[in-house]
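> Using only what follows, build the 3D model:
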Amino acid sequence: MLATATIHTPYIRYLAIMPEIVMFGGAVLLLAVASLVRRPLRVSVATAGTVVISLTALGFALWQWADVSSHGPFTAVDGAVAVDGFSVLVAMLVPCAMALSALVADGYLRREGVEGAEFHVLALISASGAMLMGSANDLIVVFLGLEILSIALYVLTAFNHRRAASGEAALKYFVLGGFSSAIFVYGIALIYGATGSTNLVQIADFLSKSVVTSDGLLLAGITLLLVGFAFKIAAVPFHMWTPDVYQGAPSPVTGFMAAVAKVGAFAALLRVFISSFGVLRADWQPVVYALALLTLLLGAALAVVQRDVKRMLAYSSINHAGFILLGVEAATVKGVSASLYYLFAYTFMVIGTFAIVTVLGRSGDTTHDISTYRGLARRQPLLALALAVLLLAQAGAPFTTGLWAKLQVVLASVDANSVPLAVVAMVSAAIAAFFYLRVAVLMYTPPPLADAVPGAEPDAEDPLPLPSGGVGAADLSGSFGPPSVVVGPAPIVHETAPVWTGSEMAVATVEHLNAALLLDTEGTEAATDGAVAARPVSAPPAAAIEAESADRTDDAERVPVPPLTALAIGLCVAVTVVFGIFPAPLIDLAHQATLLFVP
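Take a look at the predicted model:
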């Protein structure tokens with residue numbers, strides 16, 4: 001008689017994966033409800049459902065935190081999932097990002113006339129993949145979470161079918177993402193061949209107890225894994241997709257992608273390399289060092305020359321990835337804690353920033369040229385203030401979480417004896433501060449008058465025109481005393497080119513640089529040509545100039561801010577400022593999550 005085969009199923013503690021179940025199951029439930037109603041599901045209903053699902057997942061994550069704090073970390077599903085402070089912090093952060101993104105997308109979908117729950121369903125599925133990557137304790141589970149995260153993002157990128165750029169960005173993202181996934185799977189295969197397992201704990205145990213005489217296969221697998229992760233975090237030179245995808249995707253999708261994709265990818269990168277390959281850190285640290293160096297410098301340098309705000313923020317996200325890589329390269333408890341803090345702070349900063357970019361994009365989501373931000377503070381002061389705060393936070397301004405985030409990773413890098421890399425990071429932060437400040441200053445710069453010529457605005461140091469002579473002309477022969485004026489008929493003055501002095505040439509040079517640095521829509525030639533162009537002698541009165549400027553401000557189009565988007569912006573600004581002024585709770589949270597991390 002044939003023996004009956006017995007299939008042993010692992011014991012599943014559902015609390016260990018409950019946040020992921022809620023997010024994925026909520027997406028399926030929302031899709032089922034949308035398919036059962038006769039008309040497309042209203043955006044307000046889909047948004048409310050998504051927020052409720054996200055808050056429910058957040059509640060289970062808080063329950064997990066209490067359980068881990070009381071009973072310690074543990075593994076579940078036959079060791080494939082780890083439940084510790086690290087995974088729980090990711091499980092708390094991703095639902096927060098999902099809820100904020102849903103609030104931002106609500107106004108966008110209404111403005112673009114898009115009905116249905118497809119956007120919210122895809123975003124929930126992608127968020128569940130990011131959470132799974134944070135808790136994965138097996139390379140196969142990491143890949144599963146990576147694909148759940150990525151495939152939904154490919155579709156979200158092409159969500160705006162009315163724009164050809166959206167479809168083009170999605171195709172580029174899909175093709176390059178497919179290559180990176182294939183490379184990642186090949187790396188898993190090589191590591192399995194070298195160690196005999198894909199479980200992270202078993203790999204770490206094998207490397208700590210065994211001496212590998214020929215480690216070429218293992219190092220090749222680690223390299224391929226790093227390439228796959230580098231693509232997801234947009235590290236140089238695997239960043240090629242980022243500017244085009246960020247620019248072409250709908251703005252709410254870009255903010256969601258910048259936050260959630262980075263959280264999931266960096267969570268998996270930290271767990272895999274610090275937990276499993278910590279014994280081999282001397283082999284992979286130089287590679288991460290080089291990646292961080294290139295990412296920091298190229299991200300900051302290329303952001304300076306961008307006209308499109310979304311492309312500028314794309315290169316900004318590359319620069320931020322370089323800062324987080326500082327914590328990875330340190331490969332210490334302090335480095336992991338600093339990276340977690342940076343991810344938490346960056347999530348709220350970037351979602352809030354792209355929420356404002358979404359509002360200012362107007363109908364069609366195409367108005368993203370930097371010149372359209374000029375004079376925003378006069379039209380909508382609160383919106384300009386919120387954007388200025390979020391941009392300055394990304395630059396690392398005091399009293400914001402951005403300062404503490406950069407400080408934490410730099411100190412971790414210094415403690416790990418990577419002082420040159422820390423110096424490069426500070427230099428890149430100085431470069432990055434320029435393009436953040438450029439947008440902030442531009443928002444508080446009044447728009448030019450309708451008939452104004454760039455470089456020819458009235459100035460206190462305008463050159464004096466030379467009189468052609470005649471009675472009543474000003475006597476310029478005196479040295480330092482006031483000019484003597486002879487009362488008589490009005491002088492006959494010809495419009496002539498100004499007499500240049502050093503200060504006036506400096507003014508023209510500044511105007512030329514402003515145009516070159518993309519602060520004006522006119523070209524650089526207009527800036528210098530206008531400075532030497534003929535102008536009337538008598539400038540209009542200051543009151544007339546102010547009145548005309550006020551009329552232009554009143555006539556300027558004010559962009560409506562949807563209430564839910566305003567709520568999301570307010571929450572992001574509040575988190576950025578409050579935890580920037582009182583950083584201790586968030587720093588302690590990241591540190592405690594690291595202490596509970598299962599090595």
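> going forward, measure contacts between C-alpha atoms and count neighbours the same way
Fine.
> roughly how far is the helix or strand that contains residue 103 from the heart of the chain?
Secondary structure assigned from DSSP states H and E places residue 103 in helix 85-112. Per CA atoms, centre = their mean, to the nearest Å, the displacement of helix 85-112 from the mean C-alpha position of its chain is 14 Å.
> Remind me what the next helix or strand after it packs against, helices and strands.
Past helix 85-112, further along toward the C-terminus, the next helix or strand under DSSP H and E is helix 118-135. Packing contacts for helix 118-135, counted by 3 or more CA pairs under 8 Å, 6 or more residues apart in numbering; DSSP states H and E, involve helix 18-36, helix 43-71, strand 81-83, helix 85-112, helix 139-157, helix 262-270.
> can you put those in TSV and add mean neighbour count?
As requested, the helices and strands packed on helix 118-135 are arranged in TSV below (neighbours: other CA atoms under 10 Å):
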stretch	mean neighbour count
helix 18-36	19
helix 43-71	19
strand 81-83	26
helix 85-112	25
helix 139-157	22
helix 262-270	26
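> Which one of these lies nearest to residue 376?
If you check each of the helices and strands packed on helix 118-135 against residue 376 by CA to CA, helix 85-112 wins as the nearest, at 19.8 Å.
> In this structure, spot the helix with the most residues.
The longest helix of the chain (DSSP state H) is helix 164-195.
> Name the residues of that one that are buried.
165-174, 176-177, 180-181, 183-192, 194-195 (16 or more other CA atoms under 10 Å).
> Go through the helices and strands packed on helix 118-135 and name the closest to residue 372.
The closest of the helices and strands packed on helix 118-135 to residue 372 is helix 85-112. By CA to CA, the value is 18.7 Å.
> So for residue 255, which of the helices and strands packed on helix 118-135 sits nearest?
helix 85-112 (7.4 Å).
> Next, give phi and psi for residue 561.
phi -110, psi 110 (degrees, to the nearest 10).
> Same check on the one 3 residues further on?
Backbone dihedrals for residue 564, given as degrees, to the nearest 10, come out at phi -70, psi -40.
> do residue 161 as well
Listed backbone geometry of residue 161 is phi -70, psi -10, with angles given as degrees, to the nearest 10.
> since we're on it, how many residues are nearby?
The criterion is other CA atoms under 10 Å. On that basis, residue 161 has 11 neighbouring residues.
> Now do the same contact list for it.
residue 167 (CA atoms under 8 Å, 6 or more residues apart in numbering).
> From residue 409, how far out is it?
Residue 161 sits at a distance of 40 Å from residue 409 (criterion: CA to CA, to the nearest Å).
> Quick check: residue 214 vs residue 95, distance?
With the distance defined as CA to CA, residue 214 ends up 44 Å from residue 95.
> what's the answer for residue 321, then?
Residue 321 sits 21 Å away from residue 95, taking CA to CA as the criterion.
> Break the protein down into its domains, please.
Domain assignment for the chain by automatic domain parsing gives 14-446+561-595, 500-536.
> where among those is the average confidence lowest?
Taking the mean pLDDT of each of the domains of the chain, the lowest value is held by domain 500-536, a mean of 46.
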